[in-house]
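In: mind looking at a prediction? Sequence and model below.
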Amino acid sequence: MANPLIGIFRVKELRERIIFTALMLIVFRVGAVLPIPGINVGELNAYFLSQQNSGNAIVDYLDFFAGGAFSNFSVFMLGIMPYISMSIIMQLLIIVFPRLKKISQEEGGRKKIQGYQRIGTVVVCLIQSYAVTQYAQSIRRSVENLLSIEILPFTLIAMLTVTTGTMFLMWIGEQITRRGIGNGISLLIFAGIVARLPHAVWELFGRVRDRQLNPVFVIIVLIIFVAVVALVVFEQQGQRKIQVNYAKRVVGRRMYSPPNTYIPFKINPSGVIPVIFASSILTFPLQIASTVGGSISWLGAVSLALNPHGALYNILYILLIIFFAYFYTQVSLNPIEIAKNIRENGGSIPGIRTERIEEYLTKILNRIVLPGSLYLALIAVIPTFIQWAFNFPSSISYLMGGTSLLILVGVDLDTMSQIEALLKMHHHEGLTRKGHLRGRNL
């Protein structure tokens, strides 16, 4: 049992969970290369190969979040992003409409909200899948044999297939969370990013070999990448501890003194959620504008304005990250609820009056969230900086920082913390000898 990796596969429950998760991720990757019926794969690959040198920032961006499934026109080409977009919309609606908030707090209300969210996801998928068919028609003007069937049947089949694919991914994510290891939705995004790594590394070596990239710049970027990974791990593990003292209680003839505890406020309480939410919110209009923009002039203008390399996109990206950092922190760490629980259990914070606990916690959270959100925004715009400063291709720069790096590190820490908890539960050594891993779900 000296080797924790061997101990992972000796625990039956953990072994079964890991194998189940691996099988589900294999299904996901197979679906990412399975094309929509009616698409001529050879002509499609030839078209994107001809566009490789000129580059298409919008397609690369959408392909990045779909794990390469977008450029394959696969059944999973929309990925899991429609579900994430709808979850954001539903959380905002719960705050805006008291009726929905009341339903969510009732017994069985969570299942009702999830039902509404699934219905909304279908609607979002239908809208985005129709935009995909329009994009296929725009490619058809350059590639005559792209479609093997007529436009109308292809539109209906593509909308049905892509929508079903996204709903199936939702089911896979739920099954991984329930029967596998880690958060299912997060692991699907994680797997899509990791699947792009071999191609990006091969392209990097190819450009260095062809002298399109300066080897010195590559070394500098790799050093930046390692430094940012270390900073992300350090930031994800950091927290501010608020000490809470509880009064003694008399139970029967004995007086019990509950141990003093603390409230752990992480430096970045919302984790990588603001980055994912901001990306999802921008991806939805970007996909509609870029795929339909060829036939509608004003949508074409929106597509150009929302270019992922442009200033407007990055400004909106930063503002949305800051907004969702505050929004999600208030939802997950409500100072009013925390203060109420402390008072009801006879607790107090040293040096703070009982009636001012809420004000004190709000002040602490605001001090933490602002630098945390700015830090996330800085990490998120690293790909744009790498492309601008070192002329790196988007397929490589997206993996060198930003959303991908935050997701990779965050999901890895979360999965490792769950594995370590299961190992400790079965009286095995954990993955680390010093301290404990603190995970956070996406």
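Out: Yep, it's here. Just so you know, these numbers come straight off a predicted model, no measurement behind them.

In: residue 166 contacts residue 121, correct?
Out: Yes - with contact defined as C-beta atoms under 8 Å, residue 166 reaches residue 121; the gap is 7.0 Å. For every residue, glycine as well, the C-beta is placed using N, CA and C.

In: same question for the helix or strand hosting residue 342, mean pLDDT?
Out: Per DSSP states H and E: residue 342 is located in helix 335-344. For helix 335-344, mean pLDDT rounds to 83.

In: just give me how far the helix or strand just after that helix sits from the chain centre.
Out: Next along the chain after helix 335-344, taking DSSP H and E as the criterion, comes strand 347-348. With C-alpha atoms, centre = their mean, to the nearest Å as the basis, strand 347-348 stands 36 Å off its chain's centre.

In: same thing with stretch 118-133?
Out: 19 Å.

In: got the buried residues for it?
Out: Across stretch 118-133, burial judged by 16 or more other C-beta atoms under 10 Å covers 120, 121, 124, 125, 128, 129, 130, 131, 132, 133.

In: which ones are touching the closest residue in space to residue 422 that isn't next to it in sequence?
Out: Distances taken as C-beta to C-beta, 6 or more residues apart in numbering put residue 14 closest to residue 422, at 4.9 Å, once the chain neighbours are dropped. Counting by C-beta atoms under 8 Å, 6 or more residues apart in numbering, residue 14 makes contact with 8, 181, 419, 422, 423, 426.

In: how about 10 Å then?
Out: Residue 14 sits next to 7, 8, 181, 418, 419, 422, 423, 425, 426, 428 when contact means C-beta atoms under 10 Å, 6 or more residues apart in numbering.

In: out of these, the closest to residue 77 would be?
Out: Among these, residue 181 lies closest to residue 77 (C-beta to C-beta), at 26.8 Å.

In: and what about the closest one, helix, strand or coil?
Out: Following DSSP: H, G, I helix; E, B strand; the rest coil, residue 181 is assigned to coil.

In: residues touching it, list them.
Out: Applying C-beta under 10 Å, 6+ apart to residue 181 gives the contacts 8, 13-14, 16-22, 187, 414-416, 418-419, 422.

In: and it, how far from residue 25?
Out: 11 Å (C-beta to C-beta, to the nearest Å).

In: in the protein, which helix is the longest?
Out: In the chain, with assignment by DSSP state H, the single longest helix is helix 109-140.

In: what about residue 264, which SS state?
Out: Of the three states, residue 264 takes strand under three-state DSSP.

In: so the residue lying closest to it once chain neighbours are set aside versus residue 316, what's the distance?
Out: Leaving aside its sequence neighbours, residue 264 sits nearest to residue 239 (C-beta to C-beta, 6+ apart; 4.7 Å). Counting by C-beta to C-beta, the gap from residue 239 to residue 316 is 30 Å.

In: tell me the confidence at residue 124?
Out: Looking at residue 124, its pLDDT is 91.

In: check residue 200 too.
Out: As predicted, residue 200 sits at a pLDDT of 79.

In: for the host helix or strand of it, buried residues please.
Out: Using DSSP H and E, residue 200 sits within helix 184-209. For helix 184-209, the neighbour count (16+ other C-beta under 10 Å) marks 184-196, 200, 203-204, 207 as buried.

In: for residue 311, see how far away the most centrally placed residue in the chain is.
Out: Nearest residue to the geometric centre of the chain (C-alpha atoms, centre = their mean): residue 276, 4.2 Å. Residue 276 is 22 Å from residue 311, where distance means C-beta to C-beta.
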